[in-house]
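Trainee: Build the 3D model from these lines:
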Amino acid sequence: MDKESVTVVLKEAHEAVKDAGISQGLREPAFVAAIALRAGGGPSSGVDGSGAARQEGSQVGDLTSGPGDAPDAMMAIAEGLSAASGGQFTVKELERIYAVRDGVPELKVRSSDLPNSKAAGTVDVALLTMAGRQLAAVEEYTEAELLRETTKKFGKFDVGNFAKHVGRLDHLVLTDGTGRAAKRRLTNPGLEEAAARARAYLGDGSDG
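Mentor: Next up, the predicted model:
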């Protein structure tokens, strides 16, 4: 299945679970089952019969129409990273990486867990910040200024080389604008890389 098809399957599964009104505690297994049904050639229509309409859009970041409450935001991130990686992320796992405030995911990894170098630290902070905001549908493109402030928060800001460090992600993002006004959006390969970094921070992948 190509990446475009994976995105459609993910979006349909997400919408089907959401539209069905399934309780929060059962959403993860329901989502996994919905993906398996669609990926295996099952019916493509959603629970509400509007599957064709839900196939509009082709990016993982289009999962939700706008920022919601914390459980919905974390679920969207878990679903998006799971689809990007071909594995499975749970909300409980990702609560070790993100905290959601007013529907907006913020990075919460320990600074000591980030790479020692400011270059590598900037890359990881940028990847995980963009992935969280994009998948939770806070914004399609993340502004450079927000990435600057986030790297400062984690002690990885390199005033003379910030643009150079973020530029190491150019092959994984779409960029709108230049310099301090630039905005970036992760492509599917970018989301795959963000998922790989997230899994690395989670270690063995256990929920404990």
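Trainee: Every contact and neighbour count from this point should use C-alpha atoms.
Mentor: Noted.
Trainee: Following element in sequence after the lowest-mean-pLDDT helix or strand in the chain, please.
Mentor: In the chain, no helix or strand scores lower on mean pLDDT, DSSP states H and E than helix 51-54, which sits at a mean of 34. The helix or strand immediately downstream of helix 51-54 is helix 70-85, counting by DSSP states H and E.
Trainee: tell me the contacts of the closest residue to residue 125 other than its chain neighbours?
Mentor: Closest residue in space to residue 125, ignoring its immediate chain neighbours: residue 151 at 6.4 Å, by Cα to Cα, 6 or more residues apart in numbering. With contact taken as Cα atoms under 8 Å, 6 or more residues apart in numbering, residue 151 is in contact with 121, 122, 125, 126, 157.
Trainee: care to break the chain down by domain?
Mentor: 1-58, 63-208 (automatic domain parsing).
Trainee: mean pLDDT for those: which is lowest?
Mentor: Lowest mean pLDDT of these: domain 1-58, a mean of 53.
Trainee: which residues in this protein form strands?
Mentor: With DSSP state E, the ranges of strands along the chain come out as 98-101, 104-107, 142-143, 173-176, 183-186.
Trainee: Out of the ones you listed, which one sits most buried?
Mentor: Among the strands of the chain, strand 183-186 has the highest mean neighbour count (mean count of other Cα atoms under 10 Å), at a mean of 24.
Trainee: any idea how far the spatially closest residue to residue 136 that is not a sequence neighbour is from residue 185?
Mentor: In this structure, residue 136 finds its nearest non-sequential neighbour in residue 73, 4.9 Å apart by Cα to Cα, 6+ apart. Remark: distance between residue 73 and residue 185 (Cα to Cα, to the nearest Å) = 18 Å.
Trainee: ok, which stretches of the protein are helices?
Mentor: Secondary structure of the chain, counting by DSSP state H: helices at 3-19, 24-39, 51-54, 70-85, 91-94, 118-135, 144-153, 162-167, 188-202.
Trainee: quick check: angle from the fourth one to helix 188-202?
Mentor: Helix 70-85 and helix 188-202 meet at an angle of 110 degrees, taking axes from the mean of the first three to the mean of the last three Cα atoms, to 10 degrees as the criterion.
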